[in-house]
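A.B. asks: Provide a 3D model corresponding to the input given below.
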Amino acid sequence: MKQVLAAGRIQLTKSLGQNFLHDGNQLRRIVEAAEVTGTDQVLEIGPGLGPLTELLLAGAGKVLAIEKDRRLVEFLQERFASAKNLELRHDDALDLLRREPADWSRWKLVANLPYSVASPILIELAQAPGCPERLVATVQWEVAQRITARTAGEDYGVLTLLLQLRYEPKERFRISAACFFPRPEVDSACVTLVRRPKPLLPHAQVPAFTQLVKRGFSQRRKMMLKLLREDWPPGRLEAAFAQLGLPTQVRAEEVSLDQFVALTRELTFDPCQTSNLEP
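C.D. replies: Okay, the predicted model is just below:
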């Protein structure tokens, strides 16, 4: 990897979160976690020098690789010039996802995500109307802990809930910092998230859920009811809390995913929408 970078006179940019995974065993474990088949469409963000891309091209029907660094795009174009199942785009992946909404429902994300944008990319994909069937992403260890956290844990928070609303964590494995070049200061982890068979909320209610979660965790140690009064009428909040059996003193970190979902339903319920329904 050092030789390739030196030959191409490519100096890595820290601001882009460029830490390339070079360990072959770990790369194969990532592909295995994705359960890639010949009919799969795979989205790879931040392919770098292409070691993961090479394995994905060998197993998937199509690979869409998005790379922000033009120098690396040129290298990848030359390396995979004969690959018929590769579409390579020079773009900022996060900007692309926001700028060109797409139906990803028949895709899998398999990527060693750039550290600087890993969380927002995962959230953007998870909140898309047609979100990928599987997310297999290498992220910093602390981010992986937040993604897979459980209620009341110290890592439980906004990222946990925004991803687990649509996905179930399946597995994660730790990857040593020594497996990357340049070597980062912390270990990483590959996290596998599988799309829930049935959404917990209709897509139209996802913005309200997101607002509820973000407001609830805006000041972790404060009572959630007081924080939510910034966005919802106190009377409606108190009625919803009572309906769900939530203590008025509860903090967001003590409220489960299912309770946040139920609270979203209560706060967005419009009785006028049911007035014309048959009994």
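
A.B. asks: Look up how far S218 lies from A33.
C.D. replies: Relative to S218, A33 is positioned 34 Å away (CB to CB, to the nearest Å). No exception for glycine: its C-beta is placed from N, CA and C like everyone else's.

A.B. asks: who's more crowded, those two?
C.D. replies: A direct count of neighbours by other CB atoms under 10 Å for A33 and S218 places A33 higher, at 19 against 14.

A.B. asks: Hmm, that one is touching I175, no?
C.D. replies: No. Contact criterion CB atoms under 8 Å: A33 and I175 do not qualify, at 11.6 Å.

A.B. asks: shared neighbours, the two?
C.D. replies: Counting by CB atoms under 8 Å, 6 or more residues apart in numbering, the contacts common to A33 and I175 are C190.

A.B. asks: which residues sit in contact with P51?
C.D. replies: Counted by CB under 8 Å, 6+ apart, P51 has contacts 20-22, 24, 27.

A.B. asks: For burial, what's the neighbour tally of the closest residue to V36 other than its chain neighbours?
C.D. replies: Nearest residue to V36 in three dimensions, chain neighbours excluded: G59, at 4.3 Å (CB to CB, 6 or more residues apart in numbering). By other CB under 10 Å, the residues close to G59 number 17.

A.B. asks: before we move on, what about the one 4 residues further on?
C.D. replies: Using other CB under 10 Å, V63 has 27 neighbouring residues.

A.B. asks: does L200 really touch L165, like I thought?
C.D. replies: Yes. L200 lies in contact with L165 (CB under 8 Å); the separation is 5.8 Å.

A.B. asks: higher neighbour count, these two?
C.D. replies: The residue with more neighbours, out of L200 and L165, is L165; 21 against 18, by other CB under 10 Å.

A.B. asks: Out of the contacts of P51, the closest to A252 would be?
C.D. replies: Using CB to CB, the shortest approach to A252 within those belongs to L21, at 34.2 Å.

A.B. asks: what residues are up against the closest one?
C.D. replies: L21 touches 27, 51-52, 112, 138, 175, 179-180, 188, counting by CB under 8 Å, 6+ apart.

A.B. asks: so where's the protein uncertain?
C.D. replies: For the chain, the stretches with pLDDT under 70 are 1-17, 271-279.

A.B. asks: What does the residue positioned nearest the centre of it show for phi and psi?
C.D. replies: In the chain, the centroid-proximal residue (CA atoms, centre = their mean) is L122; its distance is 1.9 Å. Backbone geometry at L122, expressed as degrees, to the nearest 10, gives phi -60, psi -40.

A.B. asks: ok, now which ones touch it?
C.D. replies: Here L122 is in contact with 113, 135, 137, 139, 147, 159, 163 (criterion: CB under 8 Å, 6+ apart).

A.B. asks: just checking, which of these belong to helices?
C.D. replies: Of the positions in those, 147, 159, 163 sit in helices, assigned by DSSP state H.

A.B. asks: what sits against the closest residue to the second one other than its chain neighbours?
C.D. replies: Once its chain neighbours are removed from consideration, L159 has its nearest residue in R146; the separation is 4.7 Å (CB to CB, 6+ apart). The neighbourhood of R146, defined by CB under 8 Å, 6+ apart, consists of 155-157, 159-160.

A.B. asks: Verify the contact between G130 and R166 for me.
C.D. replies: No. Counting by CB under 8 Å, R166 is not a contact partner of G130; they are 10.9 Å apart.
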